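Student: let's see this in three dimensions:
(one chain, ligands or ions: 2)
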Amino acid sequence: MGLMNYIKFCPFSGLKSVENIALMGEAPAFIADDLQTSFSNGLHLKLNEFETATVIGNKTYVIGGISDPTSTGVRIFNKSTGNWVIPTILGTKPKAFKGHSTILLNKDRILIIKTNSKSNDSIWFLEVDTQFVEDQKKKFETEVVAWSKGVVGDAERPIVISGPSGVGKGTLINMLMKEFPSMFGFSVSHTTRAPREKEENGVHYHFTNRSVMEEEIKAGKFLEFAAVHGNLYGTSVEAVEVVADAGKRCILDIDVQGARSVRGSSLEAIFVFICPPSFEELEKRLRARGTETEEQIQKRLRNAKSELEQGKSSGLFDHVLVNDDLEACYERLKKILDLDGSSDATLKAQTKVFDLPMELSLSKINEKILINSGNDDRRIVLDLSSMKGGAPGRTRGLCMYTTGN
Ligand SMILES: Nc1nc2c(ncn2[C@@H]2O[C@H](COP(=O)(O)OP(=O)(O)O)[C@@H](O)[C@H]2O)c(=O)[nH]1
Ligand SMILES: Nc1ncnc2c1ncn2[C@@H]1O[C@H](COP(=O)(O)OP(=O)(O)O)[C@@H](O)[C@H]1O
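Tutor: Ligands and ions are numbered 1, 2, ... in the order given. Down below sits the predicted model:
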């Protein structure tokens, strides 16, 4: 068997069946960092190169093979049934990586630190028993795990803007993006409605068709979705993550149903509802925009009545703004977002990026993870005390710094 190493565990009576399974693999094996943890489970699993095993109760989560695009990258060995399970994997998984170390947090998520990586792409969480994962297990009726990327720095809360068609949401969002280009990023939704003349695919919306979007919804690609004015609209997990990746604060222009779904998610957004000064003024703006047919305008106006009722009375929104005079409304919006008097230059995030070592080991002291490098005196600390968010979005509020040389 040459290179074949085993992670060896106390030879309990259940060992035999597990050993058979372990022998099925062909690739050279590798001893995981969390050997000690695995020992306590009484198992005898063979791991492939670059795989790690983390034990939670009766289940051993084997993470790795992520450099192989055909692999799902996560498999679970259930000690009580003696079976391997390939789970449904949600969230955006990390791009191909090889070496990594893992440590278990609160029995509900595994922290994964990639070796030989940049600090801004080194921290990942595999959620195995969080509220989100539990909800999805009921929905999919399978084992479910969910990836969430760890984001260093106290990323500002995303902003959800809702309001009836023609009230001025897009206009206000454009003003924010223009004045604070490095601070805000727009969550580009998917929609089945036809593009308007000046709309660009991938910029204003990802234009798609209903059957494709329904498939993607089933596959768990969307953070939320809703049928609005006869079309499907939805925010993909990726739309929000792209903005977070760019270090920006995410703005979502979504309807009241979508706002309700986001309220129930881990996104921890600020919810703003925009109202017109009157129904007549709303109708005037919608007609003046000239982007809809008469029939579509009538439908939007009918829907506006219930949207306005829900927006004002549901308690869903943190702030309700009347868009009477545009400039005055914009100033009030900036005040809500703590932007009055701030310039874009001073707001630009300055998070220092550094390299993580080729080899590393992890230990945990209270809310701090110590990342020890094999070769140098440098010690990297990951502080989880302000951790928030999580799958299907990012895990935010992390702090990572180096000590020593
Ligand atoms: N739930 C949900 N609503 C969305 C999304 N994207 C856009 N909407 C809402 O869909 C409605 C119609 O949008 P649109 O067709 O662009 O028309 P407009 O509001 O008149 O500019 C608006 O209330 C948007 O806020 C989304 O991803 N999810
Ligand atoms: N405060 C305002 N006063 C007058 N017209 C406005 C105001 N805000 C927006 N508009 C105009 O109303 C129309 C609808 O605005 P838009 O931003 O497209 O609305 P929404 O995105 O909410 O559907 C646009 O032609 C826009 O220029």
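
Student: would you mark the buried spots in the helix ranked longest in the chain?
Tutor: Counting by DSSP state H, the longest helix found in the chain is helix 294-313. Residues of helix 294-313 classed as buried: 297, 300-301, 303-304, 307-308, 310-311 (neighbour count, 16 or more other Cβ atoms under 10 Å). C-beta: built from backbone N, CA, C; applies to glycine.

Student: pretty sure S261 is touching E224, no?
Tutor: Yes: between S261 and E224 a contact is recorded at 3.6 Å, counting by Cβ atoms under 8 Å.

Student: so which of these two has more stuff around it?
Tutor: More crowded of S261 and E224, by other Cβ atoms under 10 Å: E224, with 26 against 17.

Student: make sure the more buried one is indeed in a strand.
Tutor: Yes: with the criterion set as DSSP: H, G, I helix; E, B strand; the rest coil, the secondary structure at E224 is a strand.

Student: any idea how far it lies from S162?
Tutor: 12 Å (Cβ to Cβ, to the nearest Å).

Student: and H100, by the same measure?
Tutor: Separation of H100 from S162 (Cβ to Cβ): 40 Å.

Student: could you pull out the helices for the stretch 301-405 of the chain?
Tutor: 326-336, 344-347 (DSSP state H, counting those that start in this stretch).

Student: ditto for the chain
Tutor: Under DSSP H, the chain gives helices at 15-23, 35-39, 131-140, 169-179, 210-218, 237-245, 256-263, 279-289, 294-313, 326-336, 344-347.

Student: write out the residues of the chain neighbouring ligand 2.
Tutor: Contact residues (Cβ under 6 Å from any ligand atom) of the chain with ligand 2: 163, 165-171, 285, 288-289, 323, 326, 329.

Student: want to throw these into JSON lines with pLDDT?
Tutor: Listed next are the residues of the chain next to ligand 2 as JSON lines, based on pLDDT from 0 to 100:
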{"residue": "G163", "pLDDT": "97"}
{"residue": "S165", "pLDDT": "96"}
{"residue": "G166", "pLDDT": "97"}
{"residue": "V167", "pLDDT": "98"}
{"residue": "G168", "pLDDT": "98"}
{"residue": "K169", "pLDDT": "98"}
{"residue": "G170", "pLDDT": "97"}
{"residue": "T171", "pLDDT": "98"}
{"residue": "R285", "pLDDT": "97"}
{"residue": "A288", "pLDDT": "96"}
{"residue": "R289", "pLDDT": "95"}
{"residue": "N323", "pLDDT": "98"}
{"residue": "L326", "pLDDT": "98"}
{"residue": "C329", "pLDDT": "98"}
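
Student: which residues touch the residue in the stretch 201-350 of the chain positioned nearest to ligand 1?
Tutor: Taking Cβ to the nearest ligand atom as the measure, the stretch 201-350 of the chain has G258 as its residue closest to ligand 1, at 2.3 Å. By Cβ atoms under 8 Å, 6 or more residues apart in numbering, the residues touching G258 are 160, 162, 224-226, 233-235, 252.

Student: was I right about H204 contacting V188?
Tutor: Yes: using Cβ under 8 Å as the test, H204 is close enough to V188 to be in contact (7.3 Å).

Student: more neighbours: the two, which one.
Tutor: V188 (22 against 17).

Student: so who does that one touch?
Tutor: Contacts of V188 by Cβ under 8 Å, 6+ apart are 202-206, 239, 242.

Student: what about 7 Å?
Tutor: By Cβ atoms under 7 Å, 6 or more residues apart in numbering, the residues touching V188 are 202-203, 205-206, 239.
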